[in-house]
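J.: Build the 3D model from these lines:
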Amino acid sequence: MTIAEYILETPLKSLNKAYGNATKGRKKTEDFKRYQTAICWELKICKQPPVTGPYSVAVQVPLKTRSDIDNLLKGVLDCLVKIKATPDDRKLVAVSICKSSVKNTLILVSDEDLDLHL
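T.: Here you go, the predicted model:
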């Protein structure tokens, strides 16, 4: 079993303002692009082993987080794929997010179910 642990100092951002209107549809805002770049670097610095098959993710965010926590997941999941820490998120089989007494965001990625079923 592989469990990768990532600790992020940068607070997760909601997807609510991640996209803006463009001439041809919608596109990521420059602010969100910078945010995703910062998150990708923080994830890389953790130097965790990649997960290759079906996987699950558990995320803990600080209690002081004001965003709707369900809107925080997609951006960080995309970053995990971008840095090749996980395969395409179509292989994601379970995900959990909660507020807890952690100082910084904690992300656990496993190639087995992290007992996320309620």
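
J.: Check what pLDDT K24 gets.
T.: K24 carries a pLDDT score of 85 in this model.

J.: and it, how many residues sit next to it?
T.: By the criterion of other Cβ atoms under 10 Å, K24 has 6 neighbours. For every residue, glycine as well, the C-beta is placed using N, CA and C.

J.: for K99, same thing?
T.: Other residues near K99 come to 12 when the count uses other Cβ under 10 Å.

J.: a strand runs through it, doesn't it?
T.: Yes - secondary structure of K99 (DSSP: H, G, I helix; E, B strand; the rest coil): part of a strand.

J.: what is it paired to in the beta sheet?
T.: Per DSSP bridges, the residues bridged to K99 are V61.

J.: so how far is K64 from it?
T.: Distance of K99 to K64, given as Cβ to Cβ, to the nearest Å: 9 Å.

J.: where do the strands sit along the protein?
T.: Assigned by DSSP state E, the strands in the chain fall at 3-8, 19-22, 25-28, 55-62, 92-100, 105-110.

J.: Distance to Y35 added to those strands, as a markdown table?
T.: Below are the strands of the chain laid out as a markdown table (distance: least, Cβ to Cβ, whole Å):
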| stretch | distance to Y35 |
| --- | --- |
| strand 3-8 | 11 |
| strand 19-22 | 13 |
| strand 25-28 | 10 |
| strand 55-62 | 15 |
| strand 92-100 | 18 |
| strand 105-110 | 13 |
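
J.: wait, which of those is closest to K47?
T.: strand 3-8 (9.5 Å; Cβ to Cβ).

J.: Please save the CA atoms from stretch 19-33 in CSV.
T.: Only the C-alpha atoms of stretch 19-33 are listed here, as CSV (Å, rounded to 0.1, in the frame of the first residue of the first chain):
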residue,chain,number,x,y,z
TYR,A,19,-12.9,31.0,-14.3
GLY,A,20,-13.9,34.2,-16.1
ASN,A,21,-15.7,35.0,-19.3
ALA,A,22,-13.5,35.3,-22.4
THR,A,23,-14.2,36.0,-26.1
LYS,A,24,-14.7,32.3,-26.8
GLY,A,25,-16.3,30.9,-23.7
ARG,A,26,-14.7,30.7,-20.2
LYS,A,27,-11.1,30.4,-19.1
LYS,A,28,-9.0,30.2,-16.0
THR,A,29,-8.3,33.6,-14.4
GLU,A,30,-4.7,34.7,-14.1
ASP,A,31,-5.0,34.7,-10.3
PHE,A,32,-6.2,31.0,-10.3
LYS,A,33,-3.3,30.1,-12.7
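
J.: Many thanks, I have nothing further to ask.
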